[in-house]
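K.L.:
just coords:
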């Protein structure tokens, strides 16, 4: 039995063409229905155990916020049930749970009372809450005078220092600045250790970092519940296919005079690894990346890379039809699925020429100073522009490589040279 048990939950709303239909249904003596049923959630079930950090993902309108509101008791389910074992604190959309006419201090005490704390218990927490929120004298002003960033700072501090068994966060942290977001994540690492956290966010890096499990909702239904890396990959594939369905043609003007030329010399790709069987390509299929590998300056295929060395990522592409404006790119991931860096031909100011048939691309870069470890590369090919394109092919983890251990590594993604430091006196310029 988990600390959160969602059992066959559905939430139905009625959609009316206008307010007149709503009124007519309310007064109709024969209970005639004018509204059309819409299911924000449709028979959703899952169980979350103590200590789990779970991400809930999905496109807009998928039911993410609705399920959180039902879990926290803000909204009642139409059918089904939710069982909660423990004290739950929620950070939903701005304004939920706070009285806009009350001051920050008054809202802190009110929030504590709702969670079951006595006045004396809240007296001990107020200092920590205000110190974390860092809103200064605004703590004594009505929250209706706060900026959105100040509001979320106070709301997050009030919730996390209430020592909840379960913390629910719905996109709210995206309002704060980068320093406050990092502060919140560190707080979750410490204050919510061994407790249960549910995060709804569009920031896949945050999901990858905090969560070992992800639940994907789509149009009110649960379509995936499991490993984060696999879940995010499936969700990405879905978004790519949606983009293909919604945008079949490139609408912007194509200036072919800016593109690079296709060289006449024909290079073999026989030594470049065949990747057609590694994973199912995503995209509309107008082109397929058939081979991918890394070659060093001597022309040898390698899978151990030294930082600062120049290598070429070689991709063999089979075009099924003429593509007027290809964009070639790639993302590099660490072993946990975090994006280390990404690049594409548009970002480096290169416009590829129109292409058809078989084409080899050699994408040369200097390896950044990565820490030792194993990495994967996911290449992609699109048609169009950086901000308006159709995905032709994307292959997850097509290439793997390793960066060897050096004398020492610094925690994080990138290796740093020892460097040097100097100390100087400061001129007295008072």
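P.N.:
Here it is on my side, so go on. Note that the structure is predicted; figures quoted are calculated from it, not measured.

K.L.:
Tell me which helix or strand the nearest residue to residue 194 once chain neighbours are set aside sits in.
P.N.:
Leaving aside its chain neighbours, residue 194 sits nearest to residue 51 (5.2 Å; criterion: CB to CB, 6 or more residues apart in numbering). From N, CA and C alone the C-beta is placed, and that goes for glycine too. Taking DSSP states H and E as the criterion, no element holds residue 51; it sits outside all helices and strands.

K.L.:
nearest residue to residue 167 other than its sequence neighbours?
P.N.:
Closest residue to residue 167 apart from its sequence neighbours, by CB to CB, 6+ apart: residue 197 at 4.9 Å.

K.L.:
Residue 350 versus the one you found, what's the distance?
P.N.:
43 Å (CB to CB, to the nearest Å).

K.L.:
Buried residues in stretch 127-140, which are they?
P.N.:
Within stretch 127-140, the residues that qualify as buried by neighbour count (16 or more other CB atoms under 10 Å) are 129, 130, 132, 133, 135, 138, 139.

K.L.:
Sorry, wrong one. I was asking about stretch 179-196.
P.N.:
Under the neighbour-count criterion of 16+ other CB under 10 Å, stretch 179-196 has 180, 181, 183, 184, 188, 191, 192, 195, 196 buried.

K.L.:
Can you flag which of those residues belong to strands?
P.N.:
Secondary structure assignment (DSSP state E) places residue 196 from the buried residues of stretch 179-196 within strands.

K.L.:
So which of the buried residues of stretch 179-196 is the closest to residue 284?
P.N.:
Compare each of these with residue 284 using CB to CB and the shortest gap goes to residue 181, at 35.5 Å.

K.L.:
how about the strands of the stretch 201-350 of the chain, start to end?
P.N.:
Taking DSSP state E, counting those that start in this stretch as the test, the strands found in the stretch 201-350 of the chain are 213-218, 221-227, 287-295, 310-323, 326-333, 339-344.

K.L.:
what's the average pLDDT for the first one?
P.N.:
Throughout strand 213-218, pLDDT has a mean value of 94.

K.L.:
what's the answer for the second one, then?
P.N.:
Averaged over strand 221-227, pLDDT sits at 94.

K.L.:
what's the most distant pair in the buried residues of stretch 179-196?
P.N.:
The largest distance within the buried residues of stretch 179-196, taken as CB to CB, falls between 180 and 196 and amounts to 22.9 Å.

K.L.:
hmm, back to that, of the strands of the stretch 201-350 of the chain, which is nearest residue 399?
P.N.:
strand 287-295 (5.3 Å).

K.L.:
which residues sit in contact with the nearest residue to residue 134 once chain neighbours are set aside?
P.N.:
Using CB to CB, 6+ apart and skipping the chain neighbours, the partner closest in space to residue 134 is residue 153 (6.6 Å). For residue 153, the contacting residues are 132, 133, 134, 135, 176, 180, by CB atoms under 8 Å, 6 or more residues apart in numbering.

K.L.:
cool, and residue 65?
P.N.:
Under the criterion of CB under 8 Å, 6+ apart, the contact list for residue 65 reads 92, 93, 170, 171, 200.

K.L.:
cool, and residue 61?
P.N.:
With contacts taken as CB under 8 Å, 6+ apart, residue 61 has the following neighbours: residue 219.

K.L.:
What distance do you get for it to residue 203?
P.N.:
When CB to CB is applied, the distance between residue 61 and residue 203 equals 19 Å.

K.L.:
now do residue 382
P.N.:
If you go by CB to CB, the gap between residue 382 and residue 203 works out to 23 Å.

K.L.:
so can I have CSV of the strands of the stretch 201-350 of the chain showing mean neighbour count and distance to residue 67?
P.N.:
Compiled in CSV, those are given as follows (neighbours: other CB atoms under 10 Å; distance: least, CB to CB, whole Å):
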stretch, mean neighbour count, distance to residue 67
strand 213-218, 22, 7
strand 221-227, 16, 9
strand 287-295, 21, 37
strand 310-323, 18, 41
strand 326-333, 21, 29
strand 339-344, 16, 27
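
K.L.:
Residue 31 is nearest to which of those strands?
P.N.:
With CB to CB as the measure, strand 221-227 is the member of the strands of the stretch 201-350 of the chain nearest residue 31 (29.1 Å).

K.L.:
what packs against the closest one?
P.N.:
For strand 221-227, the helices and strands in contact under the criterion 3 or more CB pairs under 8 Å, 6 or more residues apart in numbering; DSSP states H and E are strand 36-48, strand 213-218, helix 228-246.

K.L.:
Can you list the helices and strands that the first one packs against?
P.N.:
Counting contacts by 3+ CB pairs under 8 Å, 6+ apart, the secondary-structure elements packed against strand 36-48 are strand 4-15, helix 64-71, strand 79-84, strand 213-218, strand 221-227.

K.L.:
quick revisit: more neighbours: which of residue 197 and residue 350?
P.N.:
A count of neighbours by other CB atoms under 10 Å puts residue 197 above the other of residue 197 and residue 350, at 19 against 14.
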